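>>> Could you work out the structure for the sequence below:
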Amino acid sequence: MLVEKVYVSGKGRFVMIMDSITSVGANDEGAIVVSASHGGVSAAEYALKIPLAAVFFNDAGVGKDEAGIAGLKMLQEKGIPAGAVSHETAQIGDGKDTWEFGIISNLNNAAREAGFQVQEKVRDAAVKFADTLSSPPA
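Predicted coordinates:
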């Protein structure tokens, strides 16, 4: 299972790329996480265990009652920028594919306020966001 740390700014900021949000751990505190998991409630519960700078998922086709992105609302309640890439642009469960090809399809308000935009490549958005953060995570 892929878990890769990619430094994306001269300020020591990094993005954690992972196939599954279940791989997020204490060492990821303050990181921007690009996960290939669906963005549902159970995925958000994992993301809420660690204070993250931002987190992205796969929209999983959004689904009934927006179940594929329901976690974005949960993360919004904690003020965490969160979004999802389109299932048509990145494979669910493949972090590398998500990082290389994922196009943002959905965002919570915290992510919009942080400058993320729908239709932006998640990779470009994460790099741009990292440059706005003042200091690296501890």
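
>>> any idea how far residue 89 is from residue 116?
Look at residue 89 and residue 116: by CB to CB, to the nearest Å, they are 15 Å apart. The C-beta positions use only the backbone N, C-alpha and C, and glycine is treated the same way.

>>> Of the two, give the one with the bigger neighbour count.
More crowded of residue 89 and residue 116, by other CB atoms under 10 Å: residue 116, with 22 against 18.

>>> What residues does the more buried one make contact with?
By CB atoms under 8 Å, 6 or more residues apart in numbering, the contact set of residue 116 is 54, 81, 83, 104, 107, 125, 129.

>>> rerun that using 6 Å as the cut-off
The contact partners of residue 116, by CB atoms under 6 Å, 6 or more residues apart in numbering, come to 83, 107, 125.

>>> tell me the secondary structure for the residue nearest to the second one when sequence neighbours are not counted?
With CB to CB, 6 or more residues apart in numbering as the criterion, residue 107 has its nearest non-adjacent residue at 4.3 Å, and that residue is residue 83. Of the three states, residue 83 takes strand under DSSP: H, G, I helix; E, B strand; the rest coil.

>>> Test for you: state the pLDDT assigned to residue 83.
Looking at residue 83, its pLDDT stands at 96.

>>> what's the spacing between it and residue 72?
Distance from residue 83 to residue 72, by CB to CB: 7 Å.

>>> Neighbour count: these two, which is higher?
More crowded of residue 83 and residue 72, by other CB under 10 Å: residue 83, with 31 against 28.

>>> My read is that that one contacts residue 104, right?
Yes - at 5.2 Å, residue 83 counts as touching residue 104 under the criterion of CB atoms under 6 Å.

>>> Distance check, the closest residue to residue 133 other than its chain neighbours against residue 61.
Computed as CB to CB, 6+ apart, the closest residue to residue 133 that is not its neighbour in sequence is residue 13, at 5.6 Å. According to CB to CB, residue 13 stands 31 Å off from residue 61.
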